[in-house]
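J.: Sharing a model that was predicted from the sequence below.
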Amino acid sequence: MVETLSWSRHRAAHPAMTLDTPIPSADPQQPGRSLFRRLAGQAGRWWKDIRTGSRKDEAPVTLKPFCFWPGKMSLLSDEGGTEPVPVPGYAFHTEYVPSMGGRMRFKVWLPGLTGSRGELLLHVNGISEEGVSLPSKVVAVPIEKLMATDGHYDISRLAERGYSYALMGTLTPDSDARADRIEISLRGGDSVEALAVRLAAAQREFLAAPGKGPLKKIIVKRRATLDLPMSQMCTSHQMAEPIYAQWCARFGDPPIWHRKQWEFVFILRALEYYGALRPGSRGLGFGVGNEPLSSLFAAMGCQVTATDLAADDDRAQVWNETYQLGGNLRQIHRPHLCDEAAFYERVSYRAVDMNAIPADLTNFDFTWSSCAFEHLGSIDAGLQFFANSLNCLKPGGIAVHTTELNLSSNGLTLDHNDTVIFRRRDFETLAERLLADGHDVIPITFDSGDNELDRIIDLPPYSNDPHLKLQLIRWVTTSFGMIVRKRPDS
């Protein structure tokens, strides 16, 4: 018997197959969409999958084979229920798993498989949030072939962003196959369970790995705290420290479980701890938007140069439309933090492209940015900005910058985009480079937190409380702050 592959509607493979499905399959011809456009879309998804590495590094998630039709009898295994089969030949039907795009890989294992006749039809079904069903991918696998592989078979499909996918199995009428049980796993799904599995795997593996070579003493296994700030990520433990509430009170906000607020507190505390916040200190902020830090620094007696993209820069449009662009002093000023006279005396504004820092911006005691350098077009551009920001400092000056950290992968990530997601290895690359240049990289901890709040992943549309870790496309991310002191003899 020959293994066959076809693309069809569910009911094309079995006339009665969709009788009990909540949403019927869509017509594969999709009126109004030409064959060329459909093929071009498939080719585009294939190329994107190749570029992003096919999601092979993701940890597999176990699916429930009888979740979609609980209690229904399976013709393949006694694990199913006793109620009549929902469709002819029904063997299993997993839950639907959402996808943010890329290849979804289902792995089927049938321990104790017996039989020699017929075929197992595997259907990868897709459905949108609006209930629009995609044509199924159907693979007919001879039982003889399954017996030769000890009941193992893999099937994959290029997924479309915004759709959810499930795997269904049915037996042909002539099949005599039986199995002790049915086990199915998936790589490439983006359910809450899948995100949690990836996070847990990262915590066990690359986040827990010790530093090597020149980073052996720089990367440390310590709990991230604000009492002794290091280069570290956002965790709930820091938010529960008394010093967190004290800093929130200083910029006029009640403490909340939100990573953006943590970024402000982390920058303030790091600059305070390493001696940069004192009357007369000169600070340079990048991509300041409408954040409160410039006003707070001015109230503490610092001289501040606040910068952001020029309002007429095409890249600034999205920030301007969402009221996040700091285009002038009036937009930056927070009257409740610093009176107007002191603010305008101590704060100046300048339009600056972070990819091309003007050479005359020098001799500052500290520089900072809050979730800005991930928006420079690429990971390399962001790392180059960090290194360039040290040129703006006096010898011994402090740079504190926060950004996105990938908590799902140390390999595949989002790059060459309006927003990028840095990995642990990117910060290691940056640290090695800065150490080689003679700078003092404050020790790095990749402690990701061990409390219940640290395990919650906020999903779009975000609830914002708690919002320590979140799903960004298909990755789990959080905020990470890095602290570097410029070499004293530069």
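T.: Good, I have the coordinates. Numbering: from 1, shown residues only.
J.: tell me the domain ranges of this protein?
T.: With domains defined by automatic domain parsing, the chain comprises 4-189, 197-287+352-485.
J.: lowest-confidence stretch among those domains?
T.: Set side by side, these give their lowest mean pLDDT on domain 4-189, at a mean of 81.
J.: quick one: contacts for residue 113?
T.: Counting by Cβ atoms under 8 Å, 6 or more residues apart in numbering, residue 113 touches 143, 146, 147, 150, 151, 177, 178, 179, 180. Using the backbone N, CA and C atoms, a C-beta is placed for each residue, glycine as well.
J.: From the chain's centroid, how far away is the strand or helix carrying residue 144?
T.: Using DSSP states H and E, residue 144 sits in helix 143-148. Distance of helix 143-148 from its chain centroid, counting by Cα atoms, centre = their mean, to the nearest Å, is 39 Å.
J.: and it, which residues are buried?
T.: Across helix 143-148, burial judged by 16 or more other Cβ atoms under 10 Å covers 143, 146.
J.: one step back: make TSV out of the contacts of residue 113 and add distance to residue 66.
T.: Listed next are the contacts of residue 113 as TSV, based on distance: Cβ to Cβ, whole Å:
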residue	distance to residue 66
143	20
146	19
147	23
150	22
151	17
177	17
178	16
179	13
180	15
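J.: Just the CA trace of the helix holding residue 144, in CSV.
T.: What follows is helix 143-148, C-alpha atoms only, in CSV (Å, rounded to 0.1, in the frame of the first residue of the first chain):
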residue,chain,number,x,y,z
ILE,A,143,-1.4,0.5,9.2
GLU,A,144,1.5,-1.6,7.9
LYS,A,145,3.7,1.6,7.8
LEU,A,146,2.7,2.4,11.4
MET,A,147,3.5,-1.1,12.5
ALA,A,148,7.0,-0.8,10.9
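J.: all numbers from here: first residue = 32
T.: I'll keep to 32 as the first residue from here, and by that count the last item is helix 174-179.
J.: Which elements pack onto that helix?
T.: Judged by 3 or more Cβ pairs under 8 Å, 6 or more residues apart in numbering; DSSP states H and E, helix 174-179 is in contact with strand 150-159, strand 183-190.
J.: hey, which of those strands is tucked in deepest?
T.: Highest mean neighbour count of the helices and strands packed on helix 174-179: strand 150-159, a mean of 22 (counted as mean count of other Cβ atoms under 10 Å).
J.: so how far is residue 238 from the residue of the chain most remote from its centre?
T.: Distance from the C-alpha centroid of the chain, by Cα atoms, centre = their mean, peaks at residue 205 (46.2 Å). Look at residue 205 and residue 238: by Cβ to Cβ, to the nearest Å, they are 51 Å apart.
J.: what's the answer for residue 279, then?
T.: From residue 279 to residue 238 the distance is 27 Å (Cβ to Cβ).
J.: Contacts for the helix holding residue 175 next, please.
T.: 32, 34, 141, 144-151, 183-184, 206-208.
J.: Would you mind saying which of the domains of the chain lies nearest residue 375?
T.: Among these, the nearest to residue 375 by Cβ to Cβ is domain 228-318+383-516 (16.0 Å).
J.: Verify the stated contact: residue 285 with residue 270.
T.: No - contact criterion Cβ atoms under 8 Å: residue 285 and residue 270 do not qualify, at 11.8 Å.
J.: between the two, who's got more neighbours?
T.: residue 270 (24 against 8; other Cβ atoms under 10 Å).
J.: check contacts around the more buried one.
T.: Residue 270 makes contact with 286, 288, 293, 499, according to Cβ under 8 Å, 6+ apart.
J.: Repeat that for residue 467.
T.: residue 245.
J.: So which residues of the stretch 132-281 of the chain form helices?
T.: Remark: helices assigned in the stretch 132-281 of the chain by DSSP state H, counting those that start in this stretch are 174-179, 223-235, 267-270, 273-281.
J.: secondary structure element for residue 456?
T.: Counting by DSSP H and E, residue 456 is part of helix 455-467.
J.: and residue 514, that one's in a helix?
T.: No - counting by DSSP: H, G, I helix; E, B strand; the rest coil, residue 514 falls outside a helix, being strand.
J.: Show me what it is bridged to.
T.: Residue 514 has these beta-bridge partners by DSSP bridges: residue 431.
J.: follow-up on the earlier one: residue 149 is in contact with the residue farthest from the centre of the chain, correct?
T.: Yes - between residue 205 and residue 149 a contact is recorded at 4.5 Å, counting by Cβ under 8 Å.
J.: Let me see the contact set for the residue nearest to residue 145 when sequence neighbours are not counted.
T.: Nearest residue to residue 145 in three dimensions, chain neighbours excluded: residue 209, at 5.3 Å (Cβ to Cβ, 6 or more residues apart in numbering). Residue 209 makes contact with 107, 108, 143, 144, 145, 146, according to Cβ under 8 Å, 6+ apart.
J.: Of these - the most surrounded one?
T.: residue 107 (24 neighbours).
J.: In contact with that one, which residues?
T.: 122, 123, 141, 151, 200, 202, 208, 209, 210, 213.
J.: out of those residues, which are inside strands?
T.: 122, 123, 151, 200, 202 (DSSP state E).
J.: Which single one of those residues is nearest to residue 297?
T.: residue 123 (47.9 Å).
J.: Quick one: residues contacting that closest one.
T.: By Cβ under 8 Å, 6+ apart, the neighbours of residue 123 are 96, 97, 105, 107, 108, 111, 198, 199, 200, 213, 215.
J.: Apply 7 Å and report the result again.
T.: Counting by Cβ atoms under 7 Å, 6 or more residues apart in numbering, residue 123 makes contact with 96, 97, 105, 107, 199, 200, 213.
J.: Let me know the distance separating the fourth one from residue 173.
T.: Residue 107 is 15 Å from residue 173, where distance means Cβ to Cβ.
J.: Over to the fifth one?
T.: Residue 199 is 18 Å from residue 173, where distance means Cβ to Cβ.
J.: next one: the last one
T.: Between residue 213 and residue 173 the computed distance is 18 Å (Cβ to Cβ).
J.: Neighbour count: the two, which is higher?
T.: Each of residue 213 and residue 173 has its neighbours counted (other Cβ under 10 Å); residue 213 has more, 24 against 19.
J.: so who does the residue lying closest to residue 289 once chain neighbours are set aside touch?
T.: Leaving aside its chain neighbours, residue 289 sits nearest to residue 498 (4.7 Å; criterion: Cβ to Cβ, 6+ apart). Residues counted as contacts of residue 498 (Cβ under 7 Å, 6+ apart) are 288, 289, 290, 489.
J.: from memory the second one sits against residue 496, does it?
T.: Think residue 289. Yes - in this structure, residue 289 is within contact of residue 496 by Cβ atoms under 7 Å, at 6.5 Å.
J.: quick one, which of these two is more surrounded?
T.: Using other Cβ under 10 Å as the criterion, residue 289 and residue 496 rank with residue 289 on top: 20 against 10.
J.: Could you check how many residues crowd around residue 483?
T.: 9.
J.: where does residue 346 land on pLDDT?
T.: The model's pLDDT for residue 346 equals 51.
J.: circling back to that earlier point, just the closest of the contacts of residue 209 to residue 479, please.
T.: Looking across the contacts of residue 209 and measuring by Cβ to Cβ, the closest to residue 479 is residue 108, at 38.7 Å.
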